[in-house]
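> what would the 3D arrangement of this be:
(one chain, ligands or ions: 2)
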Amino acid sequence: MRSEPRYTKRDAEQAIHKPGERLGNFLPEDAPSYEDILQCMRCGFCLPHCPTFAITNRERSSPRGRAQLAKAVAQGELELSEAVCYEGFFCLDCRACTTVCPAGVKVGPIMEHVRAQSRNEVHPLPPGWRQFREFLLEYMLPNHDRLEDSMLAARLYQRLGVQWMVRNSHLLELAPGTLGETAEKMDGMLPKLEPPLRNRVPELVKARGEKRGTVAYFIGCIMNLMYPEVSRATINTLAHQGFDVVIPKSAKCCGAPHLTEGDRETARQLGEHNVETFLRWDLDAIVTDCAGCGAALKEYEELLEGRMDERYLHEFRSRIRDVSEFLVGAGMRTEDLKPVDMTITYHDPCHLAHAQGIAKEPRQLIEAIPGLKLVEMFESNWCCGSGANWGLLHPEESEQVLDRKMANVVKTEADAVVTLNPGCHMQLAWGVRRSGLDQKAYHLMELVGRSLPEESVPPAS
Ligand code: SF4
Ligand code: SF4
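Ligands and ions are numbered 1, 2, ... in the order given. Have a look, this model is predicted:
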């Protein structure tokens, strides 16, 4: 049962805050909701579940501390200072606190608003960085073609042996400060790159066997660029399960990277475009195999409130499904699946387990695949330390969070750790590499794809 928040008289007066009005020392535009902030009753249940509190033992880096900082700013008792903004960006937005919070306080989303405020005129980035951020968020990410073109250099880096030279010469150790560490990590996280999938699949893949419906596949940027063959496995699986699969080529980034960086306006523009794009089709579901994309798409209703007709937003929201949620909900046809003999452990992506409340469906999907054996790890829903760009902005802390995760992975003695989010996949693959483990990291759909009968796997284009 949820406890009632304890409002003070002052809280009650300030709760009459109206949208568009200035909320204490927050800017009017994109301020967090005061009602959300006030829900925190300081019980501290969230503290043992917060990765940034675990590594710092610092109250202000805990969910309770962050809620209190936001409250103090909202009540005009504290400036929107560097320290407050730092905590906005230091929060992993993993949402583990919300899962355990008796009042359901959404500290992660509150911190997303703090980031937006920070990147406004309060604490703008230095020149150069500001332009770089705009280039990435406004020029590159909204355009699949540009992103895909940019990956050619990375593929050449791998194919021409430059990556091998960099890794074996330890060149990166000579770089100043944390630059070398960050570059080494970025290099270590790179999977073996294949050409992006978006232009190698038709816009409609027909169902196999008896048709059960029509779904769209939302091709996320990272899946398309880093794990195209996993995306292909997802599409093949959906077709094998009897669904026509529409892959709208004009869909854009879900906006999650923009929300992470506090660029809510570009995220809104992308959201509007995606809602319009997908609602042109008559669909039973819009399926994604990226937990981060799924969480962002499911939260469009809040992001686009007042910008689009709420009936469209509701209709769009009602169709979004994580691939495990969709396949288990539809009922897996398993009669012709091949065995995949492997013992695995499962890492719950934060944006699946905490942001979307999906934890049992991935396990049910694993159970449905013949030969796959699941060994649960301790703290399977503890963050892996990726957190979109968090791992790059806070490399030392990210390694501490990752070390905790990898220690739990090792204890299972499983052949592999699997997950359902490309960011976690890259981070876990890096964890395996830097720890010199024999275990492998997979996206679950890669293994599901291996179980498909030959005739369900069209030749790669
Ligand atoms: S965020 Fe929730 S769990 Fe944490 S102190 Fe506040 S009310 Fe308690
Ligand atoms: S979202 Fe995660 S990192 Fe942020 S306060 Fe909550 S538990 Fe801590």
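> okay, which residue is most central for this structure?
The chain has Gly292 as the residue nearest its centroid, 2.4 Å off, counting by Cα atoms, centre = their mean.
> is it fair to say Ser231 lies in a helix?
Yes: counting by DSSP: H, G, I helix; E, B strand; the rest coil, Ser231 is found in a helix.
> residues contacting it?
Leu197, Tyr217, Ile219, Met223, Asn224, Asp289 (Cβ atoms under 8 Å, 6 or more residues apart in numbering). Heads up, the C-betas are built off the backbone N, CA and C, glycines and all.
> wait, the second one touches Thr237, no?
No: in this structure, Tyr217 is not within contact of Thr237 by Cβ atoms under 8 Å, at 10.3 Å.
> distance of the residue nearest to the centre of the chain relative to Gly371?
29 Å (Cβ to Cβ, to the nearest Å).
> on that earlier part again, name the member of the contacts of Ser231 with the most neighbours.
Asp289 (31 neighbours; other Cβ atoms under 10 Å).
> leaving out the residues flanking it, which one is nearest to whichever residue of the stretch 101-250 of the chain sits closest to ligand 2?
Nearest residue of the stretch 101-250 of the chain to ligand 2: Gly108, at 3.7 Å (Cβ to the nearest ligand atom). Ranked by Cβ to Cβ, 6 or more residues apart in numbering and with sequence neighbours excluded, the top spatial neighbour of Gly108 is Asp93, at 4.1 Å.
> which stretches in the stretch 1-150 of the chain count as helices?
9-14, 34-38, 51-56, 63-74, 82-90, 96-100, 107-117, 129-134, 144-159 (DSSP state H, counting those that start in this stretch).
> got those helices as JSON lines, with mean neighbour count, mean pLDDT and distance to Lys405 columns?
Converted to JSON lines, the helices of the stretch 1-150 of the chain look like this (neighbours: other Cβ atoms under 10 Å; pLDDT from 0 to 100; distance: least, Cβ to Cβ, whole Å):
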{"stretch": "helix 9-14", "mean neighbour count": "12", "mean pLDDT": "53", "distance to Lys405": "38"}
{"stretch": "helix 34-38", "mean neighbour count": "21", "mean pLDDT": "92", "distance to Lys405": "29"}
{"stretch": "helix 51-56", "mean neighbour count": "20", "mean pLDDT": "97", "distance to Lys405": "10"}
{"stretch": "helix 63-74", "mean neighbour count": "24", "mean pLDDT": "96", "distance to Lys405": "20"}
{"stretch": "helix 82-90", "mean neighbour count": "19", "mean pLDDT": "92", "distance to Lys405": "18"}
{"stretch": "helix 96-100", "mean neighbour count": "21", "mean pLDDT": "97", "distance to Lys405": "13"}
{"stretch": "helix 107-117", "mean neighbour count": "24", "mean pLDDT": "94", "distance to Lys405": "19"}
{"stretch": "helix 129-134", "mean neighbour count": "12", "mean pLDDT": "87", "distance to Lys405": "29"}
{"stretch": "helix 144-159", "mean neighbour count": "14", "mean pLDDT": "86", "distance to Lys405": "26"}
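> of the ones you listed, which is nearest Asp322?
Nearest to Asp322 among the helices of the stretch 1-150 of the chain is helix 96-100 (16.3 Å), distances taken as Cβ to Cβ.
> can you tell me if that closest one touches ligand 2.
Yes: legend: contact between helix 96-100 and ligand 2 by Cβ under 6 Å from any ligand atom is shown at Ala96, Cys97.
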